[in-house]
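**Q** Fold the stuff below for me.
(one chain, ligands or ions: 1)
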Amino acid sequence: MHYDVAIIGGGPAGSTAATYLAKAGKRVLILEKEHFPRFHIGESLLPYNMPIFEEMGVLPALQAANFMPKKGGRFSLARGDQENAITFAEGTFTEEPIAMQVERSIFDKILLDHARDCGAEVREGWTVESYEISTDNKSEGVTITASSEHEETFHASFLLDASGLVNFTANREKLRQYYPHLQKIALYGHFTGVDFSQREQQKTETHIACFGDSWFWIIPFSEKKVSIGLVLDRSFVKESDLTTEQIFQQALKSSPGISQMMENSARIGPLHVTSDYSYSNDKLVSPRLMRIGDAVGFLDPVFSSGVYLACVSARDASQAVIDALDSGRAMTTSMKNYEKQTRTNLNRYREVIELFYQRSFIEILMQPEGVLSWPCAINAILAGRLDLPWALHWRIKTFLWFARLHHRFGLVKRLDFG
Ligand SMILES: Cc1cc2nc3c(=O)[nH]c(=O)nc-3n(C[C@H](O)[C@H](O)[C@H](O)COP(=O)(O)OP(=O)(O)OC[C@H]3O[C@@H](n4cnc5c(N)ncnc54)[C@H](O)[C@@H]3O)c2cc1C
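**A** Sure, this is the predicted structure:
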C-alpha cells in the first residue's frame, strides 16, 4: 500500500490534517502510539477554532458532546483583590463569540474518529520508530518504520510530523531551540467539588490568577470537573527542597482567591508535571516533510493558543501538501509560504506572552479605563483572530509598543503581585 501522506501522531494537529487531506481524496495514514481515549492537557480552546471545526465537519459531534461553553477570560491577582474579565461577545474586532472548554481525552477521540470517518486509515497503538526520505521526484518518497506487536514498514509520498512535544523528526535532525526566558514548569491536575457559587459566570471563563512570578489556570471543562494548574520558573522547582505536591499546596495557601474556591475540592488522579515545553524548531518544512502542531514549536499555555495553532497549522499544511501532490513535486512555494505564515502566527502570541511574564500586559489590562480601545485589541488576540484588519493591526502594535515602554518606565500604576 502506498499512501499519499503518512502522519505521525493523532492529536488535534494529526487528526485535523488527516480530515482535510482525506476530504480532498488523498490516501492518508495516521500512526498514533497511544490508544484513545488518553489523558492530555490543554482544555481551554479559542473561539476562532470554531470555524475550522465547522469546515472539517466535526462541529456537530463536538456539540453533541456537551462541552462547557467558554465565553471569555478572567485575569486576576491570586490573592483575590483585583481582576478584569474579557468577554469575547463584547469585542469590537472579535467576530467569534464563543469557544469550548473540553476534556481532552474525549475531544481528541472525537477528532480522531472523525478523521477515520472521513476516510483516513488510523492505526492506534503504533509507534513510529524511524523514517527515511528520498528527496528526488521519481522515487517512492518516504519510508516509515513503526512498531506495535510487530514491526511494519509504510511508504508515502509525504510525511507530516504531528508528534506534539515529542517533536519526533526535528529532534532527530537536531532542530529544537529552547526559549531561554521561558524555562517554566507546569504542575496540574483535574479537580472536582470546586465552588463557583460566588460567581457563576466564572464557569464559562478561563481564569488566570497571578502571584509573584507564577500563575494559576482554572478551567472548568465540565459541570463537575475543573482543570487547575500552576506555572512557575523551572529553576525555582529545581532548587527547592519541597516536592512538587508541596509546592502546589504552598502556592494555593498564598492564593486566598483560589484556595477559597477549592476548600471542599478533591483531585481526580495524579498531579501531573510538564517542563521544557517552550521551544521552536529551526526548520518547519523540507522536501516531502512538514511539521504541524506542537511539532512546529510550543510557547506557553497562558493564552490557550496551543490547540488552535495546531489546527491552523494542520489546515494550512494540508493545503500545501495537496498542492505538492497535485503538482508531483517534493518541495513547493506553498510549503515555504506555510513556514513563513506559521512563524508569523506563533510570533503574534510570543510577543504578548513575553509581556505577560514582564507583567506589563496585566498592569495595562487592569487599568479602569481602556485607552485607545486596547481591551478590544486584547479581546481579539485572546479569541484567536489572526487576520488583522488595519484598525486592529495598529491597536495591537500601539498596545505592544506602550506595554514595552511601560515595562521600562512605569507609565501606568504598578501592581504588587505578592
Ligand atoms: C501545561 C500545558 C497546558 C496547556 N494548556 C492548553 C490550553 O488550555 N489550551 C490549549 O489550546 N492548549 C494548551 N496546551 C497546548 C496543547 O496541549 C497542545 O498545543 C496541543 O495538544 C497540540 O496538539 P498536537 O496534535 O500538536 O500534539 P498532541 O496533542 O500532543 O498530539 C501528539 C500525538 O502524537 C503521538 N505521538 C508522539 N510520538 C509518536 C510516535 N513516535 N509515533 C506515534 N505517535 C506519536 C502522541 O501519543 C500524541 O497523541 C497546553 C500545553 C501545556 C504543556
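
**Q** Ala403: what secondary structure?
**A** helix (DSSP: H, G, I helix; E, B strand; the rest coil).

**Q** these two touch, right, it and Gln367?
**A** No - counting by CB atoms under 8 Å, Ala403 stays clear of Gln367, with 11.5 Å between them. From N, CA and C alone the C-beta is placed, and that goes for glycine too.

**Q** neighbour-wise, which of those two wins?
**A** Taking neighbours as other CB atoms under 10 Å, Ala403 and Gln367 compare with Ala403 leading, 25 against 13.

**Q** and Thr135, how many neighbours does it have?
**A** 12.

**Q** Which pLDDT value goes with it?
**A** Thr135 carries a pLDDT value of 74.

**Q** what sits against the closest residue to it other than its chain neighbours?
**A** Leaving out its chain neighbours, the residue that sits closest to Thr135 by CB to CB, 6 or more residues apart in numbering is Pro287, at 4.0 Å. Pro287 is in contact with Ile133, Thr135, Ala330, Met331, counting by CB atoms under 8 Å, 6 or more residues apart in numbering.

**Q** Relative to the ligand, which of the residues you listed is nearest.
**A** Ile133 (15.8 Å; CB to the nearest ligand atom).

**Q** what are the phi and psi values for that closest one?
**A** phi -130, psi 130 (degrees, to the nearest 10).

**Q** Residue numbers of the stretch 1-150 of the chain in contact with the ligand?
**A** Residues of the stretch 1-150 of the chain found near the ligand (CB under 6 Å from any ligand atom) are 8-14, 31-34, 40-45, 127-128.

**Q** Give me the nearest residue to Gly312, chain neighbours excluded.
**A** Just so we're on the same page, residue 312 is Val rather than Gly. Asn345 (6.3 Å).

**Q** avg pLDDT for the helix or strand where the one you found lies?
**A** Assigned by DSSP states H and E, Asn345 belongs to helix 333-358. In this model, helix 333-358 has a mean pLDDT of 96.

**Q** And the helix or strand that it is followed by, what does it pack against?
**A** Of the helices and strands lying after helix 333-358 in sequence (DSSP H and E), the nearest is helix 360-365. Judged by 3 or more CB pairs under 8 Å, 6 or more residues apart in numbering; DSSP states H and E, helix 360-365 is in contact with helix 333-358, helix 374-383, helix 390-409.

**Q** Enumerate residues external to the shortest one that contact any of its residues.
**A** The one in question is helix 374-383. Residues contacting helix 374-383 (CB under 8 Å, 6+ apart): 46-48, 72-73, 86-88, 90-94, 96, 99, 303, 348-349, 352, 364-365, 370, 388, 392, 395-396, 398-399, 402.

**Q** just the angle between it and helix 390-409, please?
**A** 100 degrees (axes from the mean of the first three to the mean of the last three CA atoms, to 10 degrees).

**Q** Helix 374-383 and the ligand, are they touching?
**A** No - counting by CB under 6 Å from any ligand atom, the ligand has no neighbours in helix 374-383; the shortest distance is 11.8 Å.

**Q** Enumerate the residues of the stretch 301-418 of the chain near the ligand.
**A** Counting by CB under 6 Å from any ligand atom, the stretch 301-418 of the chain sits next to the ligand at Pro301, Ser304, Gly306, Val307, Tyr308, Ala310.

**Q** now the stretch 151-300 of the chain
**A** Residues of the stretch 151-300 of the chain lying near the ligand (CB under 6 Å from any ligand atom): 162-166, 168, 186, 229, 274, 277, 293-295, 298.

**Q** Now the stretch 301-418 of the chain against the ligand: closest residue?
**A** Gly306 (2.3 Å).

**Q** Mind splitting the chain into its structural domains?
**A** With domains defined by automatic domain parsing, the chain comprises 2-70+98-178+280-347, 180-275, 350-409.

**Q** looking at these, which is buried most?
**A** Sort the domains of the chain by mean neighbour count, taking mean count of other CB atoms under 10 Å, and domain 2-70+98-178+280-347 sits at the top with a mean of 20.

**Q** on that earlier part again, and the residue nearest to Val312, how far is that from Leu284?
**A** Distance of Asn345 to Leu284, computed by CB to CB, to the nearest Å: 11 Å.

**Q** residues in contact with Ile219?
**A** Glu43, Ser44, Gln101, Thr206, His207, Val226, Ser227, Ile228.

**Q** Kindly indicate which of those lies nearest Phe216.
**A** Ile228 (6.5 Å; CB to CB).

**Q** right, and the closest one touches Tyr188 too?
**A** Yes - contact criterion CB under 8 Å: Ile228 and Tyr188 qualify, at 6.6 Å.

**Q** got any residues that touch both of those two?
**A** Taking CB under 8 Å, 6+ apart as the contact rule, Ile228 and Tyr188 both touch Trp217.

**Q** one step back: tell me which of the domains of the chain sits nearest to Arg79.
**A** domain 180-275 (5.8 Å).
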